[in-house]
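# Return atomic coordinates for the entry below.
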Amino acid sequence: MKLLDKNSQFSMVLGKFSKVQGLNALLPLLLVVLFFTLMSDNFFSSYNIMNILRQAAVYAIMGTGMTFVILTGGIDLGQGSVLAFSSVICAMVINATGNMYLGILAALATGALIGIMNGVMIAYVRLPAFIMTLGTMYIVRGVTLWITNSTQVNVKGAAAFTFIGQGFLFGIPFPVYIFVIVGALAVFFLTKTSTGRSIFAVGSNVTSARLSGVKVERTLIISYTLSSLCVALAGVVYLARLTAAQPTAGNGYEMEAIAAAVVGGTSLAGGEGGVLGTLIGAIIITIIRNGLVIIGVGSYFTQIVVGVIIVIAVTFDVVRQRVSANK
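As a prediction, the model looks like this:
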């Protein structure tokens, strides 16, 4: 009898554990770690693990922002350009004022303004998210190249600032703390606030959400603002790591963010997914990139692998939705 009770309790715990969004991504994470550990003796070293986590920080923060817009059924193709622009603004303000906090604030404000612009045009003008953010990608990249004259901007006297991207705290890279905190705040926002639940509602069925009293336009603007705000923060981390803002930085990074979200279980159809899976997905993508380099595979092949992963993940999502619809 006691054995049955223990089995019942274990089943209940396991059931609750399986319902936590994103934990399904743990299996592919374990598989890729096992694969590269077997393929190389250098992969599972403490130095390389810390390096992976540091590299994953930018993708994880951007992926968190991308998750907000994908959950509404949208997309943000301008993330890479916003990362470059915000890092350039941050570097310029730091150089002009000597105050890194003003630089960070300027970068975050820049990202927020771009996100608001995207959200307003998508919510009220009803431009498709794909078209609006594609336009933003080209416009912002062009402005970045113009104000920098296509040259990188080095950050002057940035000893304290570089700690954000290069420092360690208790043996762990400081960027890891940033993406964990951002992820925790995002999880809380999506699961514990009415606006977070509205994001899921809009992505599931925008008409039903509107009839239920959800302020759809406001929700969309918040989602795109949060996306660009996360990207601006990622730009600050990126700048602090390299100590130089490059106008061509972030090229293609929006694809990495999309891959992280999709691999983590967020549906491109909207209304399903979450940030925890995205964080795991970002680590998976980074491990694949890192591992392929360690075993001597060319960088061009890395792009192929990431592309294949996106196609497979989306295919599984589409098939799963069709099976669920036919039940």
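
# okay, CA-based contacts and neighbour counts for the rest of this
Will do.

# residue ranges for the strands of the chain, please.
For the chain, applying DSSP state E gives strands covering 153-154, 168-169, 172-173, 244-245.

# show me what contacts the residue positioned nearest the centre of the chain?
Central residue of the chain (CA atoms, centre = their mean): residue 63, 1.0 Å from the mean position. Contact analysis of residue 63 by CA atoms under 8 Å, 6 or more residues apart in numbering lists 256-258, 260-261, 278-279, 282.

# where do the helices sit along the stretch 1-150 of the chain?
2-19, 26-39, 46-71, 79-97, 100-123, 129-148 (DSSP state H, counting those that start in this stretch).

# Which one of the ones you listed lies nearest to residue 193?
Closest approach to residue 193 among the helices of the stretch 1-150 of the chain is made by helix 46-71 (13.6 Å; CA to CA).

# picking that back up, so what's the residue count around the residue nearest to the residue nearest to the centre of the chain when sequence neighbours are not counted?
Counting by CA to CA, 6 or more residues apart in numbering, residue 257 is the residue found nearest to residue 63 once chain neighbours are left out, at 4.1 Å. Applying other CA atoms under 10 Å, we find 31 residues neighbouring residue 257.

# pLDDT wise, what is residue 257 at?
Listed pLDDT for residue 257 reads 90.

# what's the answer for residue 239, then?
Predicted confidence (pLDDT) at residue 239: the value is 93.

# For it, which residues are in contact?
87, 91, 165, 245.

# Compute the number of surrounding residues for the last one.
Using other CA under 10 Å as the criterion, residue 245 is surrounded by 28 other residues.

# Kindly report the same for residue 291.
Residues near residue 291, counting by other CA under 10 Å, number 25.

# still on that earlier bit, pick the one among the contacts of residue 239 closest to residue 153.
Of these, the one sitting nearest to residue 153 (CA to CA) turns out to be residue 245, at 5.0 Å.

# Return the residues in contact with the closest one.
Counting by CA under 8 Å, 6+ apart, residue 245 touches 84, 87-88, 91, 152-155, 239.

# Check residue 108 too.
86, 229, 232-233.

# I'd like the distance from it to residue 192, if you could.
Distance, residue 108 to residue 192, by CA to CA, to the nearest Å: 24 Å.

# So residue 214 is in contact with residue 198, correct?
Yes: using CA atoms under 8 Å, residue 214 makes contact with residue 198 at a distance of 6.3 Å.

# of the two, who's got more company?
Between residue 214 and residue 198, residue 198 has the larger neighbour count (other CA under 10 Å), namely 26 against 20.

# what's the closest of the helices of the stretch 1-150 of the chain to residue 290?
Nearest of these to residue 290, taken as CA to CA: helix 46-71 at 7.0 Å.

# That closest one: which residues count as buried?
Residues of helix 46-71 classed as buried by neighbour count (16 or more other CA atoms under 10 Å): 48, 50-71.

# who wins for proximity to residue 302 among the helices of the stretch 1-150 of the chain?
Per CA to CA, nearest to residue 302 of the helices of the stretch 1-150 of the chain: helix 26-39, 13.9 Å.

# From the structure, what's the count of residues near the nearest residue to residue 186 once chain neighbours are set aside?
With CA to CA, 6+ apart as the criterion, residue 186 has its nearest non-adjacent residue at 6.7 Å, and that residue is residue 275. Per other CA under 10 Å, the neighbour tally for residue 275 reads 31.

# My understanding was that residue 275 contacts residue 69; is that so?
No: with contact defined as CA under 8 Å, residue 275 does not reach residue 69; the gap is 11.6 Å.

# Dump stretch 95-113 to PDB, restricted to CA.
Only the C-alpha atoms of stretch 95-113 are listed here, as PDB (Å, rounded to 0.1, in the frame of the first residue of the first chain):
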ATOM      1  CA  ASN A  95      32.900  58.100 -25.100                       C
ATOM      2  CA  ALA A  96      31.200  61.500 -25.100                       C
ATOM      3  CA  THR A  97      30.300  61.500 -21.400                       C
ATOM      4  CA  GLY A  98      32.600  59.100 -19.700                       C
ATOM      5  CA  ASN A  99      29.600  57.600 -17.900                       C
ATOM      6  CA  MET A 100      28.900  54.000 -18.700                       C
ATOM      7  CA  TYR A 101      25.500  54.100 -17.000                       C
ATOM      8  CA  LEU A 102      24.300  56.900 -19.400                       C
ATOM      9  CA  GLY A 103      25.600  54.800 -22.300                       C
ATOM     10  CA  ILE A 104      23.600  51.700 -21.100                       C
ATOM     11  CA  LEU A 105      20.500  53.900 -20.500                       C
ATOM     12  CA  ALA A 106      20.900  55.400 -24.000                       C
ATOM     13  CA  ALA A 107      21.200  51.900 -25.600                       C
ATOM     14  CA  LEU A 108      18.100  50.600 -23.800                       C
ATOM     15  CA  ALA A 109      16.100  53.800 -24.600                       C
ATOM     16  CA  THR A 110      17.100  53.400 -28.300                       C
ATOM     17  CA  GLY A 111      15.900  49.800 -28.300                       C
ATOM     18  CA  ALA A 112      12.600  50.600 -26.600                       C
ATOM     19  CA  LEU A 113      11.900  53.400 -29.100                       C
END
